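A.B. asks: sequence and predicted structure below; questions after.
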Amino acid sequence: MYLRPFFSFYLHIMSTSQALVQIVNGSVFHDKIPVLSQLNFQMHPGEFVYLIGKSGSGKSSFMKTLYADHDIQADEADCCGYNLKTIKQKEVPFLRRKIGIVFQEFELLHDRTVNENLEFVLQATGWKDANAIRSRIESSLDSVGLNNKGLQKPHQLSGGERQRVAIARALLNTPMLIIADEPTGNLDPQMSLEITELLYQISLSGTAVLMASHDYVAMQQFKGKVWVCEEGKIQTASPQA
């Protein structure tokens, strides 16, 4: 409902069959301890995908693997053009610039305004031109319906507005993939629906969205492919009707 055609750059790749994420016979490790095994997962540009499962089932570990925060052994493990098996530490920041990450706890800097939060991310990822930074911040906030909130600090916003700022932050570098780890976990049911709808609209504009969720009401309203994380494995569920 709020989203502008922010991701038109990626629309052309939606028609291709090349996977954005491809993992074949993978095992995920955290501190050398196996978390998931026999992992076969695929995701394409523009897909909206839910990842469900009990707390502690490995959802977050899997998501962290996609941005090279956890180790993986696999026959094939690719994400956004990078080989997760062989990626070098110096390449990790470049992978992460292709991925927008949205956390349950917002992870905003409370002593800075919304604009300053977003400016910090852009400067940290190499942006230098002040006019370009200002334009990108305005576009990103407009995309999530917060174009009049840039001068406010996080404590002046509602929970839903703070999560919208977090989504705007994830959009700054025009990612190929958004990873949203329980982004509605701290929100009321109506706001949960609105945040899910926003992420869903983002996927329709060409950017893939992987969303961990327990909100089955939202899942029924905004259809997507469902993967289930349980007993140390991730398996695709029956497609939603």
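C.D. replies: Everything's here; your move.

A.B. asks: the residue nearest to residue 43 when sequence neighbours are not counted: neighbouring residues, count only.
C.D. replies: Leaving out its chain neighbours, the residue that sits closest to residue 43 by CB to CB, 6 or more residues apart in numbering is residue 21, at 4.1 Å. Where you see a C-beta, it was placed from the backbone N, CA and C, and this is true even at glycine. Residue 21 has 21 neighbours, counted by other CB atoms under 10 Å.

A.B. asks: buried ones in the lengthiest helix in the chain?
C.D. replies: The residue-count maximum for a helix in the chain (DSSP state H) belongs to helix 189-204. Going by neighbour count (16 or more other CB atoms under 10 Å), the buried part of helix 189-204 is 191-203.

A.B. asks: any idea which of those is closest to residue 63?
C.D. replies: Using CB to CB, residue 199 is the member of the buried residues of helix 189-204 that sits closest to residue 63, with 14.1 Å.

A.B. asks: please name the residues that touch residue 59.
C.D. replies: Shown in contact with residue 59 (CB atoms under 8 Å, 6 or more residues apart in numbering): 51-53, 181, 212, 229.

A.B. asks: likewise residue 125?
C.D. replies: 93, 97, 172-173.

A.B. asks: just for the protein, where's the confidence low?
C.D. replies: Low-confidence segments of the chain (pLDDT under 70): 1-17, 238-241.

A.B. asks: what ranges do the helices span in the chain?
C.D. replies: 59-66, 92-97, 114-124, 130-143, 159-171, 189-204, 216-221.

A.B. asks: CA atoms of the first one as CSV?
C.D. replies: What follows is helix 59-66, C-alpha atoms only, in CSV (Å, rounded to 0.1, in the frame of the first residue of the first chain):
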residue,chain,number,x,y,z
LYS,A,59,15.3,-20.8,11.9
SER,A,60,17.6,-18.0,13.0
SER,A,61,20.7,-20.1,12.5
PHE,A,62,19.6,-20.8,8.9
MET,A,63,19.0,-17.1,8.3
LYS,A,64,22.4,-16.2,9.7
THR,A,65,24.0,-18.8,7.4
LEU,A,66,22.7,-16.9,4.4
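
A.B. asks: chain center to it, what's the gap?
C.D. replies: Taking the mean of its C-alpha atoms, helix 59-66 sits 11 Å from the chain's own mean (CA atoms, centre = their mean, to the nearest Å).

A.B. asks: ok, now the last one?
C.D. replies: Chain-centre distance of helix 216-221: 18 Å, with CA atoms, centre = their mean.

A.B. asks: now it: buried residues?
C.D. replies: So helix 216-221, judged by 16+ other CB under 10 Å, has buried residues 218-219.

A.B. asks: which residues does it contact?
C.D. replies: Under CB under 8 Å, 6+ apart, the answer for helix 216-221 is 50, 52, 184, 189, 192-193, 196-197, 213, 226, 240.

A.B. asks: so which of these comes closest to residue 61?
C.D. replies: Of all the contacts of helix 216-221, residue 61 sits closest to residue 52, with 14.7 Å by CB to CB.

A.B. asks: distance of the closest one relative to residue 237?
C.D. replies: Separation of residue 52 from residue 237 (CB to CB, to the nearest Å) stands at 8 Å.

A.B. asks: wait, doesn't residue 98 sit right on residue 92?
C.D. replies: No - contact between residue 98 and residue 92 fails when scored by CB atoms under 8 Å: they sit 11.1 Å apart.

A.B. asks: neighbour count: the two, which is higher?
C.D. replies: residue 98 (17 against 14).
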